[in-house]
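Novice: coords please:
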Amino acid sequence: MQADASRAVELAVVRGEALLGLRRYDEARASFESVLKAQPQNLNALQGLAIAAFGAGGIEAARTVFAGAPEQVRNRPRYWLALG
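Specialist: Below you'll find the model as predicted:
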């Protein structure tokens, strides 16, 4: 069952990334948000959500996504790379 949940999360991230490529930002956002509900520390989903926010609302919207990241995520170097 754990493997199925993990696979579902991975698929939701990939789906969100595909939707980003199609510039369907609202749908991508929903996909990434579903991942973050299950795994708040998932950096792939956080970065995807920020990209979707940027596409729909500009740089300030993307910064807002990063500002809402959990403390455990903010301590990881990849967070800072994505933020830059």
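Novice: Show me the helices in this structure, by range?
Specialist: For the chain, helices defined by DSSP state H occupy the ranges 2-21, 25-38, 43-57, 59-67, 71-74, 77-83.
Novice: residue ranges with poor pLDDT in this structure?
Specialist: Applying pLDDT under 70 to the chain flags the ranges 1.
Novice: quick one, what contacts Ala45?
Specialist: 12-13, 16, 32-33, 35-36, 39 (CB atoms under 8 Å, 6 or more residues apart in numbering). (Glycine included, C-beta is placed from N, CA and C.)
Novice: ok, and the most crowded of these?
Specialist: Phe32 (29 neighbours; other CB atoms under 10 Å).
Novice: And Glu60, how far from Ala67?
Specialist: Per CB to CB, to the nearest Å, Glu60 is found 10 Å from Ala67.
Novice: With Gly48 instead?
Specialist: Gly48 is 16 Å from Ala67, where distance means CB to CB.
Novice: ok, the two, which is more surrounded?
Specialist: Per other CB under 10 Å, whichever of Gly48 and Ala67 has more neighbours is Gly48, with 28 against 9.
Novice: list the contacts for that one?
Specialist: Gly48 touches 13, 16-17, 20, 28, 31-32, counting by CB under 8 Å, 6+ apart.
Novice: Dump these to a markdown table, plus distance to Ala82.
Specialist: Compiled in a markdown table, the contacts of Gly48 are given as follows (distance: CB to CB, whole Å):
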| residue | distance to Ala82 |
| --- | --- |
| Val13 | 14 |
| Gly16 | 15 |
| Glu17 | 14 |
| Leu20 | 14 |
| Ala28 | 16 |
| Ser31 | 18 |
| Phe32 | 13 |
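Novice: Glu71: which of these is nearest?
Specialist: Checking the contacts of Gly48 against Glu71 with CB to CB, the nearest one is Phe32 at 19.6 Å.
Novice: ok so, going back, so which of the contacts of Ala45 comes closest to Phe54?
Specialist: The nearest member of those to Phe54, counting by CB to CB, is Phe32 at 12.3 Å.
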